[in-house]
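**Student:** kindly generate the corresponding structure for this input.
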Amino acid sequence: MIKILLQILRTGIVTEPLPPAGEPGIIGSGIKEPCIIEPEIKEIGTKLEEAIRKRFRRSLTIRQVDAGSCNGCELEIHAINNPIYNCERFGIHFTASPRFADMLLVTGPVTHNMEIALQRTYNATPTPKLVVAVGDCGCNGGIFGTSYASLGGIDKVIPVDAYISGCPPTPVDLLNGILKAIR
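**Tutor:** Numbering: from 1, shown residues only. This is a model prediction of the structure:
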């Protein structure tokens, strides 16, 4: 418990500040312009869109799997689908079934209870399948490590194509990691 508390204190606040009220795209401003997007997101998005069209023709379908995380990474994954980042405009879609997925986005250290479920999800995903380990816990077990309840990183159970480190990784890091996995 103290280990987790120290991690929280070291990390600090990682959320992005809200733009001032009245800027275009802010809810309640009365202006119907699209949200202001950072140039970095546009650049990554353009590269993602090109890579997705080359490899998957139209869109990349992702199945997100929580293998036992604290849900910090899931919050950031949900953020890439919000109106600011809007990953769907780049051709990224999320699915509830691994049978329709091109990529598995796996978070958290693999708990003993999730080991079989993760293997079944991986086996149900059609080939060619991509696996991306998200967050420090997904990469190497993070602060949970290997214990009586945890096997450690995702690569202990299924093969991993790309790693996105961070506790939790930012939405920009997630988009970069997905791009890395596609390439």
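
**Student:** switch to C-alpha atoms for all contacts and neighbour counts from now on
**Tutor:** Fine.

**Student:** so the most centrally placed residue in the chain, which state does it fall into?
**Tutor:** With distances taken as CA atoms, centre = their mean, the residue of the chain nearest its centroid is residue 77 (4.3 Å). When classified by DSSP: H, G, I helix; E, B strand; the rest coil, residue 77 comes out as helix.

**Student:** adjust the sequence numbering to begin at 226 for everything that follows.
**Tutor:** New numbering, starting at 226: the last item is residue 302.

**Student:** quick one: contacts for it?
**Tutor:** Residues near residue 302 by CA atoms under 8 Å, 6 or more residues apart in numbering: 396, 399.

**Student:** quick check, pLDDT for residue 246.
**Tutor:** Residue 246 carries a pLDDT value of 51.

**Student:** do the same with the one 10 residues further on
**Tutor:** In the predicted model, residue 256 carries a pLDDT score of 42.

**Student:** then residue 250?
**Tutor:** At residue 250, the model reports a pLDDT of 46.

**Student:** next one: the one 3 residues further on
**Tutor:** We have a pLDDT of 41 for residue 253.

**Student:** run through the chain and note the low-pLDDT ranges.
**Tutor:** Within the chain, the stretches falling below the threshold (pLDDT under 70) are 238-262.
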